[in-house]
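1. have a look; sequence and predicted model below, questions after that.
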Number of protein chains: 2
Amino acid sequence: MKFSSNPVRGTRDILPSEMRLRDEVEGKILEMYRSHGFHRIETPAIESLSLLLGSEGGENLKMIYKILKRGAKLNLAAENLKENDICDMGLRYDLTLPLSRFFSNHQNDLEMPFKAIQVDNVFRAERPQKGRFRSFKQCDIDILGDPTENAEIELISTTAKALSAIGFKGFKIRINDRRILSAMILAAGFNETQINGVCITLDKLDKVGFDGVKEEMLKKEYAPESVEIFLTSIESMNLENLTALPIAEEVKDALTRVVKTIQATSKDAYVIEFDPTLVRGMGYYTGLIFEASYGPYGYSIAGGGRYDEMIGRFAKTSVPAVGFSIGFERIIGILMEEALQTEATEKRIALIYPNDTDWTEIFPVADALRVDATVSCILAKKKLGKQINQLKSLGYTHFMVFGRDNETAEL
Amino acid sequence: MKFSSNPVRGTRDILPSEMRLRDEVEGKILEMYRSHGFHRIETPAIESLSLLLGSEGGENLKMIYKILKRGAKLNLAAENLKENDICDMGLRYDLTLPLSRFFSNHQNDLEMPFKAIQVDNVFRAERPQKGRFRSFKQCDIDILGDPTENAEIELISTTAKALSAIGFKGFKIRINDRRILSAMILAAGFNETQINGVCITLDKLDKVGFDGVKEEMLKKEYAPESVEIFLTSIESMNLENLTALPIAEEVKDALTRVVKTIQATSKDAYVIEFDPTLVRGMGYYTGLIFEASYGPYGYSIAGGGRYDEMIGRFAKTSVPAVGFSIGFERIIGILMEEALQTEATEKRIALIYPNDTDWTEIFPVADALRVDATVSCILAKKKLGKQINQLKSLGYTHFMVFGRDNETAEL
C-alpha cells in the first residue's frame, strides 16, 4: 500500500531554510525574555477535555481536536453517542489556559510574582486558509501575581524589545482597557446586557470601518441615539478627555501611566497609543488589553491583556494575571517576505573526500575545522567543478578537497 | 465549576529549573549536530491515522492517540461503529515515520544525502510507570540517501560527541546487524518463519539472562539442538569468527569497518563493541542496528539503525536511510540524578525598587546591567534583609537596591 506524503490538511512541514530562521528568531526572543527574569516552562499538548471545554476560549472551543478514549473506557456500542462521551482529552488551543492550570498546580514552588515564558505549538481545527494553520507556534510571556500595572509595563516593554531584536522597527502598540470600553458603552445609553454585543460589532472596525459598524449596530436595533453618541465619543476619546468618563480614577491612571512609561522608555523604536476602539476577542480579559501591529499588514503580530479571573477557576483564591503573546507564525511570515532578517553569514565548509579515503583520517581534519564552522564530509563526484558549483547553490561557503588541498578555499 | 489542576494522567508539567537544564542540553546537542552539517526540520504532531496504522511500528501502534473526525465527516449514529471510522488522524508515536513522509514529499528540495535533525515531542498511550511518560521528547538525526556504512559512522560518531558534550563519559555503544542475526538463526537450523519469534525471545536477554531465553525458546517448542547451537554460537560470536558465517562479505566488512573506525576516532571517550545479541524491537530495521547505554542504568540512552525500506512506502523508489535517536527524557533524568551537568554560573541580578519609584528611571539601569546578566525588577518588601535571603534561595546571585546602591552586590 502506498501512502500520501502530504502532511494532514491545514498543517505543513518546515524545511531546513525556514527552520534555521525560526530557530534563530526563537533563540533571540528567548534570550530577551530570559534576560528580563522570565522563566520558561512546558505543559503537555494534551489536556483534559472538560478543562478545555469549560474554558472561556470563545470561538476556539469549536476548534478543539478531541482525542478518543482508549481501552475499557471507550464504549462505542452505547446508544445516543455524544462526542464528549467517547473523548476524554483534547489538544490545547492556546497556552494561557494550560498556564493557569500549571500555576495553580505548582504555585508553592514558583517565585512570585511568577514570570513565565511559553514557546510551543497549539492546535485549532480552523478552516484552512492562506497563512492560517491548524498547528502553529505561540510565544507567550505572562506575569502572575502582580495586581499593579507594573506587570503590563514589563510585558509590553519586554515584548517590544524582543520584536526589535528580531528586526521589527517602527511597529505600533495599541492599548485599551475593557473597563473603559464598558464605561463608554454604558455612558452612551446602552444597558449592561448589550455590552458584549456592542463589543462584537466594534471588533469589526478594522474590516468594515465606522460606517459599517454603525450599519450593523442599527441592524441590531440598538437605540440610534446611543449608537450615535457611542461612535462620536469613541472617535474623539483620548488620554486627555478620559477624565470625564465615570470610571474609577485608578483605571484611568493605570492606562495613562502605562502609555507614558512606555513612551518614555521606547527610545522611538516603536509607538504606543491609547486606542478606545480596541476590543480583542477573548472572553477572559478583565482589564488592560493591547495589541502590536506592523506596517501595512492588516493583522496583529502580538496581543495580550489582563485576565484576573482565570486562575480562580482552579485555585481557591483568584490570582491577578497578565499575558502578551507573539504570533510566531505571523512574524516568521513577515520576516521571510521582507527579508528583515539578514542572512546568517555562517561559514559552511564542504570537506570533499575521494571514495577510497580512510575516515579515521578525515575525522580529525573535519573536527579541527569545526572550531569556527559547520563541516559536512561529502563524497567526491566525478565532475568536481560541477559538484563545487552545486555545493555553492546549496549554501556552502567554503570547500576543501581531502588529500589534495591543505586549506579551505572560498566557493 | 472548579477544575483539577493536574496535567492529564501519564503526562507532566516541566518547572523552570528542569526547563533550564533541558534547554541547555538541547542547545548543546543541536549545536553539535549542526556543526556536522545536519539540518533541522519540523513536521506536525498530528498525522493521518491510516499512515500511522499502516506503519511497522510494532507495539507502538496499540498506543496511538486517535483524533475524532470533525463536522459533517463524523457520523456517530451509524451502526457498528469502529474506532477507525470515526477518527481520521492520530498523534505521532515517533519521529522516523514522519521523517519518511517528509522526505518523500520534499525530496527535490533537499540536499542529498539529506542529513536531518528532529527534536520534538511524541505521544504514546503507555501504561503510566516511573520514568515513562505519554508525551516525551525525542532527539533524532538521520541520513537519507547514503547506502554505505559512512552514514552509520557519521551518525554514531556525531551522536557520541553530542552525548560527550552534555556530560556523559565512558558510555558504551553496542552494534549488530539484522542480517547477521538472521544468518546465525538460520545456521543453527531454524527456518525463515521462525526468525522473528527467535528475535522476540532473544530481545529479553537483558531481563531474563541466557537461561531465561533458553527456557522460553524451549517452551515455544523450537528444536532443542537448534536452541543449543544458536545460544552457543551467539555467546562466542565476535568480529574475528564472524568470517565463518554464511553471509555476504560486504555485510561483515561494513560492521567491522564501523567498529574499527569509531574505535580509532573515539579517543577513549566512549566504547563501541559488536554485540550479536542486540535485537532492537522495531520491525522496520534492515541492516546495522545500534544502541548506547550508560553506567548502571538498565536501559539504552540512544538507539537506531538502518531502515532502507520505509521511504519506499511513500516514494516510487526505495531510499537508503539510517537514524540514531537520543532518548531525551532518559538523559535528562540521568543528568538530574547524577548532577553531571555543572550548575550554570549565570549572573542573576535582583534590582529591588521602592514602591514609589518611577519606572522610566529603573528601566535604563536594568538594561545597562543586562549586558552580562539576567535582571529582574523586584518590588521592595518591608523586611529587606529577609527578602534578600529569599532571593538568594531562588537562585539570584547579585542584588542592587534602586536609589540606594550604585552597584550590584553579591548575595
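-> Done, it's in.

2. near chain B at all, stretch A:375-383?
-> Yes: among the residues of stretch A:375-383, A:Val375, A:Ser376, A:Cys377, A:Leu379 lie within reach of chain B under C-beta under 8 Å from any C-beta of the partner chain. Using the backbone N, CA and C atoms, a C-beta is placed for each residue, glycine as well.

3. hang on, I meant stretch A:296-310
-> No: for stretch A:296-310, no contact with chain B is found by C-beta under 8 Å from any C-beta; the gap never falls below 10.7 Å.

4. got the buried residues for that stretch?
-> A:Ser300, A:Ile301, A:Ala302, A:Gly303, A:Gly304, A:Gly305, A:Arg306, A:Tyr307, A:Asp308, A:Glu309, A:Met310 (16 or more other C-beta atoms under 10 Å in any protein chain shown).

5. so who does A:Glu149 touch?
-> A:Ala254, A:Leu255, A:Arg257, A:Val258, A:Leu288 (C-beta atoms under 8 Å, 6 or more residues apart in numbering or on different chains).

6. now, these that are in helices?
-> Among those, DSSP state H puts A:Ala254, A:Leu255, A:Arg257, A:Val258 in helices.

7. wait, A:Arg330 touches A:Gly298, no?
-> No: between A:Arg330 and A:Gly298 there is no contact under C-beta atoms under 8 Å: 11.1 Å.

8. where does the stretch 301-411 of chain A dip in pLDDT?
-> A:340-345 (pLDDT under 70).

9. in it, what residue is nearest chain B?
-> The nearest approach of the stretch 301-411 of chain A to chain B comes at A:Ser376, 3.0 Å away (C-beta to the nearest C-beta).

10. what count of nearby residues applies to A:Asn355?
-> 9 (other C-beta atoms under 10 Å in any protein chain shown).

11. all strands of the stretch 1-150 of chain A, in order?
-> Secondary structure of the stretch 1-150 of chain A (DSSP state E, counting those that start in this stretch): strands at A:39-40, A:46-48, A:66-68, A:87-91, A:114-123, A:135-144.

12. what sits closest to A:Glu111 if chain neighbours are left out?
-> Leaving aside its chain neighbours, A:Glu111 sits nearest to B:Leu394 (5.0 Å; criterion: C-beta to C-beta, 6 or more residues apart in numbering or on different chains).

13. and stretch A:235-250, end to end?
-> In stretch A:235-250, first residue to last residue: 23 Å (C-alpha to C-alpha, to the nearest Å).

14. what residues of that stretch count as buried?
-> Those would be A:Met237, A:Leu242, A:Leu245, A:Ile247, for stretch A:235-250 by 16+ other C-beta under 10 Å.

15. farthest pair in these?
-> The span of these, defined through C-beta to C-beta, is set by A:Met237 and A:Ile247 at 12.0 Å.

16. the residue nearest to A:Ala125 when sequence neighbours are not counted: what's it in contact with?
-> Closest residue in space to A:Ala125, ignoring its immediate chain neighbours: A:Met63 at 4.5 Å, by C-beta to C-beta, 6+ apart. Applying C-beta under 8 Å, 6+ apart to A:Met63 gives the contacts A:Tyr93, A:Arg124, A:Ala125, A:Glu126.

17. dump these into a markdown table; add pLDDT and neighbour count as well.
-> Listed next are these as a markdown table, based on pLDDT from 0 to 100; neighbours: other C-beta atoms under 10 Å in any protein chain shown:
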| residue | pLDDT | neighbour count |
| --- | --- | --- |
| A:Tyr93 | 96 | 24 |
| A:Arg124 | 96 | 21 |
| A:Ala125 | 95 | 21 |
| A:Glu126 | 90 | 16 |
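
18. from those residues, which is closest to chain B?
-> Among these, A:Ala125 lies closest to chain B (C-beta to the nearest C-beta), at 5.3 Å.

19. that closest one contacts B:Arg70, doesn't it?
-> Yes: using C-beta under 8 Å, A:Ala125 makes contact with B:Arg70 at a distance of 5.3 Å.

20. residues contacting A:Arg134?
-> Counted by C-beta under 8 Å, 6+ apart, A:Arg134 has contacts A:Val8, A:Arg9, A:Gly10, A:Thr11, A:Phe123, A:Arg124, A:Ala125, A:Glu126, A:Pro128, B:Pro44, B:Ile46.

21. meant to ask about A:Arg101, not that
-> Here A:Arg101 is in contact with A:Thr43, A:Glu47, A:Leu51, A:Phe314, B:Phe3, B:Ser5, B:Pro7 (C-beta under 8 Å, 6+ apart).

22. next one: A:Val213
-> With contact set as C-beta under 8 Å, 6+ apart, A:Val213 has these partners: A:Thr201, A:Leu202, A:Lys204, A:Leu205, A:Leu231.

23. low-confidence ranges, chain A, go.
-> A:1-2, A:340-345.

24. might you report the residue contacts of A:Pro276?
-> Here A:Pro276 is in contact with A:Asn176, A:Ile180, A:Leu181, A:Met184, A:Ile234, A:Met237, A:Asn238 (C-beta under 8 Å, 6+ apart).

25. buried ones from those, can you make that a ChimeraX selection?
-> Remark: buried members of the contacts of A:Pro276, expressed as a ChimeraX selection using 16+ other C-beta under 10 Å:
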select /A:176,180,181,184,234,237
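
26. in the contacts of A:Pro276, find the pair that's most separated.
-> Longest span within these, C-beta to C-beta: A:Leu181 and A:Asn238, 14.5 Å.
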